[in-house]
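K.L.:
Pasting the sequence and the predicted model now:
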Amino acid sequence: MRLQRLLTLAVIVFFTSQIAKAQEGLPVYSDYLTDNYYLIHPSMAGVANCSKIRLTGRQQWFGDDNAPALLTASINGRIGDSPSGIGGILYSDKNGFHSQTGAYFTYAHHIMFSRNEIDLNMLSFGLSVGAIQYKLDETSFLFDGPDPIIAGIEQSATNFNVDFGFSYHLYNFYAHATVKNLLENDGINFNEQGLSYENLRTYLFSVGNTFSSYNNDWSFEPSVMFMYRDATEEASFDVNLKAYKTMDFGKVWGGISYRRSLDGAEFVDGSGVSNQKLQYITPLLGVDLNNFVFAYTYSYQANSVVFNNGGFHQITLGYNFGCSKERYSCNCPAIN
């Protein structure tokens, strides 16, 4: 029984660490699906016909002390009538005794390949430069008295890093590729075994397409995203489906996302040994009301061994301003 408890605890620590390791810059959840691709792909800054403000709040495991929580604020838009865009992101990410606060500034450039703006055929490049302050609160660690390896204070360090990526849009089709954390840091990020990684590079690939019939108020957008962490060789993928309904006041939309890790952990299950991989099921619902955007997502961890049965709640508030006439003859929600 003791071995079974230890192995079960190891599985819980493994899956909890997947969230903890996301604290290498801005974490990648499912908030990009709430009209917020700029959060993970810098090449999306200024790509739309409107400038965009997005605020998100994510809370995990309600009722648990020091549960993970994330706040983000972002803004991006086109620089006048030029082919360039700029953006900025502020965020605060807390996970237990660890926390980080960051700020990014983005420049993006958009190259049109079509003869006019009616036909969407565009390649975009984006570069984000960020400063991240990491903190570790050790003030409550010394409950048994002094310890030579614990300072008992709030430690902090600041790093700079760079994200780079590109996007390609062709009518209703899109593809994104981004490398996050291009620069090596000084090894202040630690995993649960106390190991330090200077290489925090994460690779993101997204692809999708919007389908609709002529003169129909409904449209559907399947998409996938693949994520790979270089140092730890962790990989996961998202499979997403969204549906849009055009209304007099704007749009109502919703969908579902399924995330699965390609890395697993073994645990004792009765008289045998089982294996499970991290799985999230995330339904989402949103509405575009004139220039305002409201969205809610709920993530459920679909595993037999979990830290907490509670879900992860997230709210997105948005505002579009400085809108120009829709440039392109396409069903492309992220742009028109």
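P.N.:
Here it is on my side, so go on. Numbers count the residues shown, from 1 in each chain.

K.L.:
all contacts plus neighbour counts: C-alpha atoms, from now on.
P.N.:
Fine.

K.L.:
Each with direction, which strands does the single longest strand found in the chain pair with?
P.N.:
Under DSSP state E, the strand in the chain containing the largest number of residues is strand 250-269. Its sheet considered, strand 250-269 pairs with strand 234-246 (antiparallel), strand 272-289 (antiparallel) by DSSP bridges.

K.L.:
and the longest one, how far from the chain's centre?
P.N.:
Here the centre of mass of C-alpha atoms in strand 272-289, compared against the chain's by C-alpha atoms, centre = their mean, to the nearest Å, lies 14 Å away.

K.L.:
send the alpha carbons of that strand over as PDB?
P.N.:
What follows is strand 272-289, C-alpha atoms only, in PDB (Å, rounded to 0.1, in the frame of the first residue of the first chain):
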ATOM      1  CA  GLY A 272      -1.200  -3.900 -12.200                       C
ATOM      2  CA  VAL A 273       0.600  -0.900 -13.500                       C
ATOM      3  CA  SER A 274      -1.300   1.800 -15.500                       C
ATOM      4  CA  ASN A 275      -0.100   4.700 -17.600                       C
ATOM      5  CA  GLN A 276      -1.800   8.000 -18.000                       C
ATOM      6  CA  LYS A 277      -1.100  11.100 -20.000                       C
ATOM      7  CA  LEU A 278      -2.200  14.700 -19.200                       C
ATOM      8  CA  GLN A 279      -5.500  15.400 -20.800                       C
ATOM      9  CA  TYR A 280      -7.600  18.600 -20.800                       C
ATOM     10  CA  ILE A 281     -11.100  19.100 -22.200                       C
ATOM     11  CA  THR A 282     -12.000  22.800 -22.500                       C
ATOM     12  CA  PRO A 283     -15.400  24.100 -23.700                       C
ATOM     13  CA  LEU A 284     -15.600  27.800 -24.500                       C
ATOM     14  CA  LEU A 285     -18.300  30.200 -25.200                       C
ATOM     15  CA  GLY A 286     -18.100  33.800 -26.300                       C
ATOM     16  CA  VAL A 287     -20.000  36.800 -27.800                       C
ATOM     17  CA  ASP A 288     -18.900  39.700 -29.900                       C
ATOM     18  CA  LEU A 289     -21.300  42.600 -29.000                       C
END
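
K.L.:
what residues does the helix or strand just after that strand touch?
P.N.:
Counting by DSSP states H and E, the element after strand 272-289 in chain order, helix or strand, is strand 292-301. Here strand 292-301 makes contact (C-alpha atoms under 8 Å, 6 or more residues apart in numbering) with 31, 34, 278-288, 309-320.

K.L.:
same question, stretch 207-226
P.N.:
Here stretch 207-226 makes contact (C-alpha under 8 Å, 6+ apart) with 172-176, 203-206, 235-247, 331-332.

K.L.:
in that stretch, what's buried?
P.N.:
Within stretch 207-226, the residues scored as buried using 16 or more other C-alpha atoms under 10 Å are 207-210, 218-226.

K.L.:
Paired strands for the helix or strand where residue 111 lies, with orientation please.
P.N.:
Assigned by DSSP H and E, residue 111 belongs to strand 98-112. Here strand 98-112 is paired, per DSSP bridges, with strand 84-95 (antiparallel), strand 121-137 (antiparallel).

K.L.:
mean confidence for the shortest one?
P.N.:
Okay, so that is strand 84-95. Mean pLDDT, strand 84-95: 94.

K.L.:
Quick one: distance of it to the chain centre.
P.N.:
Relative to its chain's centre, strand 84-95 lies at 11 Å (C-alpha atoms, centre = their mean).

K.L.:
From the rest of the structure, what touches that strand?
P.N.:
Under the contact criterion C-alpha under 8 Å, 6+ apart, strand 84-95 has outside partners 20, 23, 26, 39, 45-47, 66-79, 99-110.

K.L.:
And the residue lying closest to residue 289 once chain neighbours are set aside, what's its pLDDT?
P.N.:
In space, residue 289 comes closest to residue 250 once its chain neighbours are excluded; the distance is 5.3 Å by C-alpha to C-alpha, 6 or more residues apart in numbering. Looking at residue 250, its pLDDT is 88.

K.L.:
How about residue 283?
P.N.:
96.

K.L.:
try residue 192
P.N.:
With respect to pLDDT, residue 192 scores 43.

K.L.:
One more: residue 154?
P.N.:
According to the predicted model, the pLDDT of residue 154 comes to 71.

K.L.:
can you count the residues close to it?
P.N.:
Residues within reach of residue 154, counting by other C-alpha atoms under 10 Å, total 13.

K.L.:
Verify the stated contact: it with residue 135.
P.N.:
Yes. At 6.7 Å, residue 154 counts as touching residue 135 under the criterion of C-alpha atoms under 8 Å.
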